[in-house]
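Enquirer: Turn this into a structure:
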Amino acid sequence: MRVESSATDAPSIAVAASAPKRPGFGTLQAALGVVAFSLTFPATAWGLEGFGPWSLVAVRSVLAAMIAGGCLLALRVPLPARRHRPGLAVVGAGVVLGFPLLTTLALQTSTTAHAAVVVGLLPLTTALFSALRVGTRPSRTFWVAALAGAAAVLAFTAQQSGGALTTADLCLLAALLVCAAGYTEGGRLARVMPGWQVIGWALVLCLPLTVPVAALALAHEPVRLTAHSVTGLLWVAAGSQFVGLVVWYRGMAAVGIPKASQLQLAQPLLTLVWSVLLLGEHLTVAAPLTAAAVLVCIAVTQRSRG
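Expert: Numbers count the residues shown, from 1 in each chain. Take a look at the predicted model:
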């Protein structure tokens, strides 16, 4: 690799400049990212059948970094500019480390269906971080729809936990904050470099931490290789941690962070479907009703100006 600014790399400028001109394609890419993310919780539940939580999170990050690093090396991508590295560190802390760890810990005691509905708050938290960090100013209609979706999720959480937040709920809420920060920084950086390089460099930057943690975790947590555990690990590493984030960041760069984030309101409903089909979970009436309610918000936010 040669040490140059990726922000001045010709292909990067071409990608960043062309993305806003193809909002339809950008929406499609963001939607594909949401589909990939909707499988994350069921795949994590499968992974936990054979790996401890720390092992699963660290190994998935190392595997994803190996894929990303191989792509960066093969294409001789220059190192990111120094001014972009703090943002990449935020992406790494939020998306590579924080969100996977906190949600994996939550899924030890929470069902994937419950966790999926709680994570329905992610679009609102991402829009809030975007307004603070990037200076976006969505319309009043946008905010009303986003808040309505968030209220539905909060009501569901309170009803499911008997009015008090559980430890798993606290982990999920913390995961929302760190992930929203990572999404916002990633979407901002995807405007000046290709989206796959954003998550690729974030993964590589985390290797000095994830490699030793993976080694320690594997030495202290039991490992049982099964078809489910291996499949779950491979999906969260390649699908959720790399490919899904590649198309997600490209989509955010094309259509804007607030609107792209609202597509994630569909994620809880998709995850509910996977939880039934792949895990055999039994849903309460409140879960699909809440997921359907937040889906209504998608049409409103996507039609509003943001």
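Enquirer: Which residues are in contact with A155?
Expert: With contacts defined as C-beta atoms under 8 Å, 6 or more residues apart in numbering, A155 is in contact with T290. Every C-beta, even on glycine, is put in place using the N, C-alpha and C of the backbone.
Enquirer: Please tell me how far it sits from T40.
Expert: Here the criterion is C-beta to C-beta, to the nearest Å. By it, A155 lies 24 Å from T40.
Enquirer: repeat for P258
Expert: Relative to T40, and taking C-beta to C-beta, P258 is found at 22 Å.
Enquirer: Would you map the helices across the stretch 101-250 of the chain?
Expert: 112-118, 122-133, 140-160, 167-189, 195-205, 207-220, 227-234, 244-255 (DSSP state H, counting those that start in this stretch).
Enquirer: any idea of the mean pLDDT in stretch 205-223?
Expert: Mean pLDDT, taken over the full extent of stretch 205-223, equals 96.
Enquirer: how about the CA coordinates for that stretch, as PDB?
Expert: Written as PDB, here are the backbone C-alpha positions of stretch 205-223 (Å, rounded to 0.1, in the frame of the first residue of the first chain):
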ATOM      1  CA  LEU A 205      -7.800  -0.400  12.600                       C
ATOM      2  CA  CYS A 206      -9.500  -2.500  15.300                       C
ATOM      3  CA  LEU A 207      -7.200  -5.500  14.700                       C
ATOM      4  CA  PRO A 208      -4.600  -4.600  17.400                       C
ATOM      5  CA  LEU A 209      -7.500  -5.000  19.900                       C
ATOM      6  CA  THR A 210      -9.600  -7.700  18.400                       C
ATOM      7  CA  VAL A 211      -6.800 -10.200  17.700                       C
ATOM      8  CA  PRO A 212      -5.600 -10.400  21.300                       C
ATOM      9  CA  VAL A 213      -9.200 -10.400  22.700                       C
ATOM     10  CA  ALA A 214     -10.100 -13.200  20.300                       C
ATOM     11  CA  ALA A 215      -7.100 -15.300  21.500                       C
ATOM     12  CA  LEU A 216      -7.900 -14.700  25.200                       C
ATOM     13  CA  ALA A 217     -11.600 -15.400  24.700                       C
ATOM     14  CA  LEU A 218     -11.100 -18.600  22.800                       C
ATOM     15  CA  ALA A 219      -8.700 -19.800  25.500                       C
ATOM     16  CA  HIS A 220     -11.200 -19.100  28.300                       C
ATOM     17  CA  GLU A 221     -14.600 -19.700  26.800                       C
ATOM     18  CA  PRO A 222     -15.800 -23.100  25.600                       C
ATOM     19  CA  VAL A 223     -16.100 -23.700  21.900                       C
END
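Enquirer: what does that stretch contact?
Expert: Residues contacting stretch 205-223 (C-beta under 8 Å, 6+ apart): 50-55, 58-59, 61-62, 65, 69, 85, 88-89, 92, 96-97.
Enquirer: Grab the nearest non-local neighbour of I199.
Expert: If you skip the residues right next to it in sequence, I199 has L245 as its closest partner in space, 4.1 Å away by C-beta to C-beta, 6 or more residues apart in numbering.
Enquirer: One more: L270?
Expert: Setting aside the residues directly before and after it, L270 is nearest to S38 in space (C-beta to C-beta, 6+ apart), at 3.5 Å.
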